[in-house]
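Colleague: Based on what follows, work out the 3D shape:
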Amino acid sequence: MSDSKPPDRVLPDAPVYRPLERFWPYADLPEQPTDEELATIHPDVRAALFGRGDVPFSISIEFDDFEGGDGERAVAMAEGADEHVEIEVDGVWRHRARFVPGDRPMRIRDLYELVGSRPNTEVLIDDRPVPGARELWLPLVWFLIR
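Modeller: Reported below is the predicted structural model:
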């Protein structure tokens, strides 16, 4: 075997320029999430990050976006909820309307009458699917309507 000499050093001993201390994809991102980002995170993740907090009892109706006059009315009612979020799931836009039923339970009933029979409509209690949400919780809330 012959001894091979390592090649001469390619890099200079001293750098020619000083690189910037910031990195491109992360330089302009805010350190704290925006309100829109916080509204779209999963409730379990929100509870793990920030704790449960003093969140009031809520009923959410989540439904797919659909065409027609009823679709426009449903979106308008969802936007009038205590909290409204639009989410894209598998290429389909979904609306989640969260209601605190204490003062105006008729809003929940009116929206549910429009979208309750549509496929993929979900009723969530405190942002979780609960057995009997449609059959038990909604009638209990509607009982508050005078």
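
Colleague: Surely Glu88 and Arg94 touch.
Modeller: Yes - in this structure, Glu88 is within contact of Arg94 by CB atoms under 8 Å, at 7.5 Å. Where you see a C-beta, it was placed from the backbone N, CA and C, and this is true even at glycine.

Colleague: Comparing these two, which residue is more hemmed in?
Modeller: Set Glu88 next to Arg94 and count neighbours by other CB atoms under 10 Å: Arg94 wins out with 17 against 10.

Colleague: tell me the contacts of that one?
Modeller: Residues in contact with Arg94, defined by CB atoms under 8 Å, 6 or more residues apart in numbering, are Glu62, Phe63, Asp64, Asp65, Glu86, Ile87, Glu88, Asn120.

Colleague: now Thr121
Modeller: Thr121 touches Ile61, Glu62, Phe63, Asp64, Val115, counting by CB under 8 Å, 6+ apart.

Colleague: farthest pair in these?
Modeller: Ile61 and Asp64 (11.6 Å; CB to CB).

Colleague: Could you give the average pLDDT over stretch 136-146?
Modeller: Averaging pLDDT along stretch 136-146 yields 79.

Colleague: can you pull out the helices in the protein?
Modeller: 24-27, 35-40, 43-50, 69-79, 106-115, 138-142 (DSSP state H).

Colleague: Reformat these as CSV; add distance to Val130 and mean neighbour count.
Modeller: CSV is the format used below for those (distance: least, CB to CB, whole Å; neighbours: other CB atoms under 10 Å):
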stretch, distance to Val130, mean neighbour count
helix 24-27, 40, 7
helix 35-40, 21, 12
helix 43-50, 12, 12
helix 69-79, 20, 16
helix 106-115, 15, 19
helix 138-142, 11, 15
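
Colleague: mind checking which of these is nearest Asp126?
Modeller: helix 43-50 (7.5 Å).
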